[in-house]
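[1] sequence below, structure please.
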Amino acid sequence: MPNLVPAKDLPNAFSMTSIAFQTGAILGPALTGFVIAFAGQQTVYYINAISFLAVIGALFLIGDVQQKEAAHGRVISWSSIQEGINFILNKPIILSTMLLDFVATFFASANTLMPIVARDILHVGVVEYGWLSAAQSVGAVIAAVVISQIAELRRQGPIFLGSVVVFGVATVFFGLSRTVVLAWCALAVTGAADAVSTIIRNTIRQLQTPDHIRGRMTSVNQIFFQGGPQLGEVEAGVVAQLFGAPFTIVSGGIACVLGMGLIVRKWPALLHFNGDEPTFAGETAD
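    Take a look at the predicted model:
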């Protein structure tokens, strides 16, 4: 994406990506129910397969994407893997965003215990559970739409850190909620905060990484991005078994905020990141 749009438009581009993804997360399950009801379960998979033709068509329309730096070889080797890892370890602005991503999703993922909360705490049925499941996506779409309309997003570091704090606090409120309305609102806020965090951290990583190493940076990031939620589900299940679902959610939100504080104390670069710093493409976000 950094090679498709100007640097200053990258937050808007990631916002549009988030809007498309989250809108699909809202409409997909709803449309799936109608398709299953009227055409059978197998039809869902046929439609899903056909939908990928749109992706293939889009790639053809994009065509060849010129890289601003030549790739340093195409052979996969341990030295190239080490180069990618060393780049991240020596780039605090990127390393800290990855660690924050991991901490937030490890401790403060409310989705894991959603069925327990809906059944045993809020005492609602499948319809209300469906509303709760869609709340985060609704919040994410709203936040992404707002960011997509901002011409030049500045103070990206403080905004990113603020979104992590809001995410953790909203998770605490979700754990304390005893009505569907309050729980839905708390989840919507977590979705909005997570969308803001995702857009900004993706922008920072892409602009602060040279073209030739961006694939390796993204691969390492996937370890944090995928590992946090998966390991977090195990953590949430163990803690919930010992202390109950509300305690798990509330303590997770608090741990998210405390973890952010420790990471920022160790790597304070995010506190001063504005978004118009020089990029590896030899240009600024202006």
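[2] now stretch 9-29, how far from the centre of its chain.
    Here stretch 9-29 shows a centroid-to-chain-centroid distance of 11 Å under the convention Cα atoms, centre = their mean, to the nearest Å.
[3] swap in stretch 95-109?
    Taking Cα atoms, centre = their mean, the mean C-alpha location of stretch 95-109 is offset from the chain mean by 10 Å.
[4] before we move on, what about stretch 36-46?
    Centre to centre, stretch against its chain (Cα atoms, centre = their mean), the figure for stretch 36-46 is 30 Å.
[5] can I get the CA coordinates of that stretch in CSV?
    This file holds the C-alpha atoms of stretch 36-46, laid out as CSV (Å, rounded to 0.1, in the frame of the first residue of the first chain):
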residue,chain,number,x,y,z
ILE,A,36,-28.6,-20.9,4.3
ALA,A,37,-32.3,-20.5,4.8
PHE,A,38,-33.2,-20.1,1.1
ALA,A,39,-30.4,-22.0,-0.8
GLY,A,40,-28.7,-24.3,1.7
GLN,A,41,-25.5,-24.4,3.5
GLN,A,42,-23.3,-25.5,0.6
THR,A,43,-24.3,-22.4,-1.4
VAL,A,44,-22.5,-20.2,1.1
TYR,A,45,-19.2,-21.8,0.2
TYR,A,46,-19.8,-21.5,-3.5
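[6] helices of the stretch 1-150 of the chain, start to end?
    Assigned by DSSP state H, counting those that start in this stretch, the helices in the stretch 1-150 of the chain fall at 10-39, 41-62, 78-89, 92-107, 114-116, 126-148.
[7] mean pLDDT, distance to Val181 and mean neighbour count for those helices - can I get that in a markdown table?
    Every residue, glycine included, has its C-beta placed from N, CA and C. Formatted as a markdown table, the helices of the stretch 1-150 of the chain follow (pLDDT from 0 to 100; distance: least, Cβ to Cβ, whole Å; neighbours: other Cβ atoms under 10 Å):
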| stretch | mean pLDDT | distance to Val181 | mean neighbour count |
| --- | --- | --- | --- |
| helix 10-39 | 79 | 19 | 16 |
| helix 41-62 | 90 | 31 | 10 |
| helix 78-89 | 81 | 42 | 13 |
| helix 92-107 | 86 | 25 | 22 |
| helix 114-116 | 86 | 16 | 17 |
| helix 126-148 | 84 | 10 | 19 |
